[in-house]
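K.L.:
What follows is a protein structure lacking sequence information:
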């Protein structure tokens, strides 16, 4: 079962484990509106063909706008045998609300 990770939990966990990967599965146009530094951008539709680019030894937290697409991708990764996968609950909208209110919302 995919674990849900709040933005605050992610910030805390990444401070303790900087190898944790934040995988942003939004489209390029969405990144132009609001994006976070230090993420890997891989649009959702490209994930199946790019699985080899994802390091199975890293913790991976998947994010999107509000958490729906990222949950689907997190489930896919888990089904493909990735051992430590989470979903950023509420996506970039929750990040903007809870961590950085200067981020634009859409």
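P.N.:
Great, that's in hand. It should be emphasised that the depicted structure is a prediction, and the values quoted were computed from it without experimental measurement.
K.L.:
Would you mind measuring from the closest residue to residue 97 other than its chain neighbours to residue 55?
P.N.:
Nearest residue to residue 97, sequence neighbours excluded (CB to CB, 6 or more residues apart in numbering): residue 90, at 7.4 Å. (Each C-beta comes from the backbone N, C-alpha and C, glycine too.) Distance, residue 90 to residue 55, using CB to CB, to the nearest Å: 25 Å.
K.L.:
Between those two, which is the more surrounded one?
P.N.:
Using other CB atoms under 10 Å as the criterion, residue 90 and residue 55 rank with residue 90 on top: 21 against 12.
K.L.:
Let's see the pLDDT reported for residue 101.
P.N.:
We have a pLDDT of 96 for residue 101.
K.L.:
is it true that the residue nearest to residue 97 touches residue 66?
P.N.:
Yes - Residue 90 lies in contact with residue 66 (CB atoms under 8 Å); the separation is 6.3 Å.
K.L.:
where exactly do the strands run in the chain?
P.N.:
Taking DSSP state E as the test, the strands found in the chain are 3-5, 21-24, 40-41, 60-63, 85-88.
K.L.:
helices and strands around the last one, which ones?
P.N.:
Using 3 or more CB pairs under 8 Å, 6 or more residues apart in numbering; DSSP states H and E, the elements in contact with strand 85-88 are strand 3-5, helix 7-16, strand 60-63, helix 68-79.
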